[in-house]
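Undergrad: Make a model of this:
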Amino acid sequence: DLCEIDRMRTALNRTPKLRDRLFTDEEQAYCDQRQDPTERYAARFAAKEAVLKAMGVGVGACKWREIEVARAESGAPSVVLHGGARRLAADRGISSWRLTMTHTHRMAEAIAVALGS
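TA: This next block holds a predicted model:
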């Protein structure tokens with residue numbers, strides 16, 4: 001999935017509560033440490049949309065914060081599901097994830113692959 005960085009910047013500036021609605025406290029702490037946090041927020045938003053698509057569900061099937069992008073010490077991103085998102089994945093036989101993310105100064109991209117048991 002893709003997310004335009006300027007569009008994310010505009011949305012976050014226009015709607016301050018959006019950050020809390022979309023991103024976990026841990027995601028916010030990571031993004032806000034960066035020179036331009038919006039690049040990281042856009043990549044995480046793209047990842048969350050990619051996860052929803054990989055599960056075969058649409059926006060609104062779970063809360064955005066129930067899909068979390070975590071980072072290993074190596075920097076590798078991973079998907080952590082909570083609550084309703086975890087139940088959706090279990091119902092679909094998804095037991096693990098592969099995630100990759102990248103961004104330029106204009107676009108953020110994420111690819112999520114759902115793996116079964």
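
Undergrad: Walking through this protein, point out its helices one by one.
TA: 5-14, 18-22, 25-32, 37-55, 83-91 (DSSP state H).

Undergrad: Single out the most deeply packed of those.
TA: Across the helices of the chain, averaging neighbours per residue (mean count of other C-beta atoms under 10 Å) puts helix 37-55 on top, at a mean of 23. To be clear about C-beta, it is placed using only N, CA and C from the backbone, and glycine gets the same treatment.

Undergrad: Between its first and last residues, what's the separation in stretch 99-108?
TA: Its first and final residues considered, stretch 99-108 spans 13 Å by C-alpha to C-alpha, to the nearest Å.

Undergrad: average pLDDT for that stretch?
TA: Averaged across stretch 99-108, pLDDT comes to 96.

Undergrad: how far does it sit from the chain's center?
TA: 12 Å (C-alpha atoms, centre = their mean, to the nearest Å).

Undergrad: got the buried residues for it?
TA: Neighbour-count burial for stretch 99-108, counted by 16 or more other C-beta atoms under 10 Å, picks out 99, 101, 103, 107-108.

Undergrad: Now render these as CSV, adding distance to residue 84.
TA: Converted to CSV, the buried residues of stretch 99-108 look like this (distance: C-beta to C-beta, whole Å):
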residue, distance to residue 84
99, 19
101, 23
103, 28
107, 29
108, 24
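
Undergrad: which two in those are spaced the farthest apart?
TA: 99 and 107 (17.0 Å; C-beta to C-beta).

Undergrad: Hmm, residue 62 is touching residue 89, no?
TA: No - if you go by C-beta atoms under 8 Å, residue 62 and residue 89 don't touch, sitting 9.5 Å apart.

Undergrad: For the chain, give me the ranges with low pLDDT.
TA: Scanning the chain for pLDDT under 70 picks out no residues.

Undergrad: any idea which residue of it is furthest from its center?
TA: Distance to the chain centre peaks in the chain at residue 117, reaching 22.6 Å (criterion: C-alpha atoms, centre = their mean).

Undergrad: Residue 95 is in contact with that one, correct?
TA: Yes - counting by C-beta under 8 Å, residue 117 sits close enough to residue 95 to count as a contact (4.2 Å).

Undergrad: Alright, I will stop here.
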